[in-house]
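Asker: Below: sequence and its predicted model.
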Amino acid sequence: MFNLLGYGWLTLGSLVFGLIAWFIPVFSIMRHKKRRDSQSTTIVLSMGFCAIALWFQIYYTNYLVTIQDWTALMDTTFTLNWISAILLIVTITLNIINIILYKDRTSE
């Protein structure tokens, strides 16, 4: 299936899913006083989109290994490592803020 579409879209898809993973908790944080339901759905969605974004990058890296494009791997691995760490850290931090705000609201 991926061969028909090309592999370059995996990086774009990873970016889109990563931004969605950040947007979900940010939107929830902005609306935390208006929401009365549990935040578990938004947290699961956010972490799920983060996981999909990371999987896209892992899949693309696997593709580069399969075609033995060592130059591309050497050029992108360092940046991919840092970007993946930033994606994960920011997503977890936003979701922790979301949890804290929800707990504060329910304890009132």
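Answerer: Looks like it arrived, so ask away.

Asker: Which of the residues in the host helix or strand of Ala85 are classified as buried?
Answerer: According to DSSP states H and E, Ala85 maps onto helix 70-106. Residues of helix 70-106 classed as buried: 76, 80, 83-84, 87-88, 91, 94-95, 98, 101-102 (neighbour count, 16 or more other Cβ atoms under 10 Å). Using the backbone N, CA and C atoms, a C-beta is placed for each residue, glycine as well.

Asker: Give me the helices and strands touching that helix, please.
Answerer: helix 9-30, helix 40-66 (3 or more Cβ pairs under 8 Å, 6 or more residues apart in numbering; DSSP states H and E).

Asker: Could you check the angle that helix makes with helix 9-30?
Answerer: Between the axes of helix 70-106 and helix 9-30, defined by axes from the mean of the first three to the mean of the last three Cα atoms, to 10 degrees, the angle is 10 degrees.

Asker: what is the orientation angle of helix 70-106 with helix 40-66?
Answerer: Using the same axes, to 10 degrees: helix 70-106 against helix 40-66 is 170 degrees.

Asker: mind checking how far helix 70-106 is from the chain centre?
Answerer: Relative to the mean C-alpha coordinate of its chain, helix 70-106 is positioned 7 Å out (Cα atoms, centre = their mean, to the nearest Å).

Asker: Then stretch 26-40?
Answerer: 19 Å.

Asker: Ok, stretch 20-39 next?
Answerer: Relative to its chain's centre, stretch 20-39 lies at 16 Å (Cα atoms, centre = their mean).

Asker: residues contacting the residue lying closest to Tyr59 once chain neighbours are set aside?
Answerer: In space, and not counting its chain neighbours, Tyr59 is closest to Leu10: 6.0 Å by Cβ to Cβ, 6 or more residues apart in numbering. The contact partners of Leu10, taken as Cβ atoms under 8 Å, 6 or more residues apart in numbering, are 2, 56-57, 59-60, 63.

Asker: any idea how far Ile99 is from Leu10?
Answerer: Per Cβ to Cβ, to the nearest Å, Leu10 is found 31 Å from Ile99.
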